[in-house]
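[1] fold the following.
(2 chains)
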Amino acid sequence: MPEPMGFFTDTTVCIGCKACEVACKEWNQLPAENGGVGELSGDSYDNTRKLDGIHWRHVRFIEQFKAPYDGRWLMMSDVCKHCVQAGCLEVCPTGAIIRTDFDTVVIQSDVCNGCRACIAACPFGVIDVNPVSGTAQKCTLCYDRLKVGLEPACSKACPTDSIQFGSIAELRTRAHKRVDQLKAQGVKAELYGADPDGALGGLNSFYLLIDEPEVYGLPRHPQLPSRNLTKSATFSAASAAVLGVLALVGLRKRRMDEQSRGGGGAGNV
Amino acid sequence: MNPPDPKTKKPVPKGKWVGYDVPDFAVTKAPDAQPKPDGIGLDALSGTQPFIMRADGRGWLFVPAGLVDGPLPTHYEPHESPIQNPLYKQQTSPVHKVWAPGKPYNKLAAVGDPKFPYVISTYRLTEHYLAGAMSRWLPWLAELQPELFIELGHDLAKEKGIKNLDWVVVSSPRGHIRAKALVTHRIGVMHIAGKRIHHVGMPWHWGWMGLSTGDVVNDLTSWVGDPNVSIHEGKAFVCNVEKA
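    As a prediction, this is how the structure comes out:
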């Protein structure tokens, strides 16, 4: 079995060119929203706004300015995180979502029945229904390209190597070196999702950020849908117990009422 | 003894080129090295010819021939400017090109024209190519930059009562066009020669065919070019901005 593979996205060198978005759409033959006819969003240079069934890569633009020219323009290419403990995989009722031999998470379009459970289960809001197929879709980490020894289309297209593809072990080493380098330059740099003991067992697409995760639209503590299991199970068991007791009490009361009316059960039939 | 390296201040080993310039040949080639008469490539260079991109192999402070202007660089104002040149009495380059001078389709604003008080720069985006004749038809690119916009600072937007995504009319002596406003702190007020001057910017990829459409920004630009390679002065000219 090959090693776990994934992305390391160094947001400090992203130039916001969106080559990754286009390369992804071209390789995976994803349609443009409304055939490409749209309106200006007014949100910096971001006109696609989100990850969904037809946008498997999305470049976020964050303008942090105090006054004219006084600030910075953060850019970040976002994608499915290919979580080691994946919420979507946990809830999929048909088994359409699988973990691959590259330790990535892939939705098999021919098995998906479009129930949308995974859309709600993803802590990052990555998945949505592709209107063409009618099934839930997201980044496959170019499984078809990996199978023949090619790197994913987005990282191949990235002109600044902001998106780097490789084995997770090697990418983590590289990422830690880059953080040290940036910290030596006085930049507040942190890795998001690189810790195998951290949230969701680590993310196989992890990021180098220079601000809080929330600034980039990433949850600080991403959680699995199974976080609710213990609570829900306890509530269910408690409800069952309470209802059971009430039922017994009710039955007993009914029998006592019937007896006090002086009749046996038989006379009332 | 070699002088210390000016970058690191550390003593450098003898027999090595040091300094801000990096020679194109091996750093250990001595200044008194002679070219080999039948040498090929770098062997044919003497130790006093470290820069292979120059005909004489030497570093140049200025270009002595071949340019219309020069030899040393200096500052001139663009043909259309809100201010007098703060450096010289000579306002603009005396040898810059003006196409169709005096024609009605190439009217040029006088220095400090109050009708056109703002500086405008035009530029490209990564999503489109040139005037967009190819890229605006391609759905994957059109959805990334779907409409023409003008980037303007919060201060100017406030002065003119323009909100993000409002339609604005941008005019220059050559014409006027409409675009949606993108209000941002990435562009704003410049303080030049004691004046407070607003700066606005527009990408020029649009036209009225294709999936992503908008007005033609080159309807605004001046027909002025640089003296040597005739590069159009689209990075700096003047305009006015009003809410549509």
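[2] quick one: residues contacting the residue of chain B found nearest chain A.
    The nearest approach of chain B to chain A comes at B:G188, 2.5 Å away (CB to the nearest CB). Placement of C-beta: from N, CA and C, glycine included. Residues in contact with B:G188 (CB atoms under 8 Å, 6 or more residues apart in numbering or on different chains) are A:A67, A:P68, A:Y69, B:G153, B:H154, B:D155, B:L156, B:H198, B:H199.
[3] convert stretch A:181-199 to PDB, retaining C-alpha atoms only.
    Output in PDB follows, covering the C-alpha atoms of stretch A:181-199 (Å, rounded to 0.1, in the frame of the first residue of the first chain):
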ATOM      1  CA  GLN A 181      12.000  30.000   8.700                       C
ATOM      2  CA  LEU A 182       9.000  32.300   8.900                       C
ATOM      3  CA  LYS A 183       9.200  32.600  12.700                       C
ATOM      4  CA  ALA A 184      12.900  33.500  12.400                       C
ATOM      5  CA  GLN A 185      11.700  36.400  10.100                       C
ATOM      6  CA  GLY A 186       9.300  37.500  12.800                       C
ATOM      7  CA  VAL A 187       6.100  36.100  11.000                       C
ATOM      8  CA  LYS A 188       3.500  34.600  13.200                       C
ATOM      9  CA  ALA A 189       3.100  31.300  11.300                       C
ATOM     10  CA  GLU A 190       1.200  28.200  12.400                       C
ATOM     11  CA  LEU A 191       0.300  24.900  10.900                       C
ATOM     12  CA  TYR A 192      -3.400  23.900  10.800                       C
ATOM     13  CA  GLY A 193      -4.200  20.200  10.700                       C
ATOM     14  CA  ALA A 194      -0.600  18.900  10.600                       C
ATOM     15  CA  ASP A 195      -0.700  17.300  14.000                       C
ATOM     16  CA  PRO A 196      -1.600  13.500  13.900                       C
ATOM     17  CA  ASP A 197      -2.700  13.700  17.500                       C
ATOM     18  CA  GLY A 198      -4.800  16.800  16.900                       C
ATOM     19  CA  ALA A 199      -8.300  17.300  15.600                       C
END
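[4] quick one, what contacts the spatially closest residue to the residue of chain B closest to chain A that is not a sequence neighbour?
    Closest residue in space to B:G188, ignoring its immediate chain neighbours: A:P68 at 2.5 Å, by CB to CB, 6 or more residues apart in numbering or on different chains. Counting by CB under 8 Å, 6+ apart, A:P68 touches B:G153, B:H154, B:D155, B:H185, B:I187, B:G188, B:V189.
[5] for A:R178, same thing?
    Going by CB under 8 Å, 6+ apart, A:R178 touches A:D10, A:A189, A:L208.
[6] closest one of the residues you listed to B:G175?
    A:D10 (44.1 Å; CB to CB).
[7] what's around the closest one, how many residues?
    Each residue near A:D10 was counted by other CB atoms under 10 Å in any protein chain shown, and the total is 25.
[8] need the contact list for it.
    By CB under 8 Å, 6+ apart, the neighbours of A:D10 are A:D161, A:S162, A:Q164, A:A175, A:R178, A:Y207, A:L208.
[9] now A:A96
    By CB under 8 Å, 6+ apart, the contact set of A:A96 is A:I107, A:Q108, A:S109, A:V111, A:C112, A:N113, A:T135, A:A136.
[10] what does the stretch 51-200 of chain A have sitting close to chain B?
    A:E63, A:F65, A:K66, A:A67, A:P68, A:Y69, A:D70, A:G71, A:W73 (CB under 8 Å from any CB of the partner chain).
[11] buried stuff in whatever helix or strand the first one lives in?
    It stands for A:E63. Taking DSSP states H and E as the criterion, A:E63 maps to strand A:57-67. By 16 or more other CB atoms under 10 Å in any protein chain shown, the buried positions in strand A:57-67 come out as A:R57, A:H58, A:V59, A:R60, A:F61, A:I62.
[12] can you give me the angle the next helix or strand after it makes with strand A:57-67?
    Tracing the chain C-terminally past strand A:57-67 and defining elements by DSSP H and E, one meets strand A:70-79 next. Calculated by axes from the mean of the first three to the mean of the last three CA atoms, to 10 degrees, strand A:70-79 forms an angle of 170 degrees with strand A:57-67.
[13] and strand A:70-79, what does it pack onto?
    In terms of contacts (3 or more CB pairs under 8 Å, 6 or more residues apart in numbering or on different chains; DSSP states H and E), strand A:70-79 is packed against strand A:5-10, strand A:57-67, strand A:205-209.
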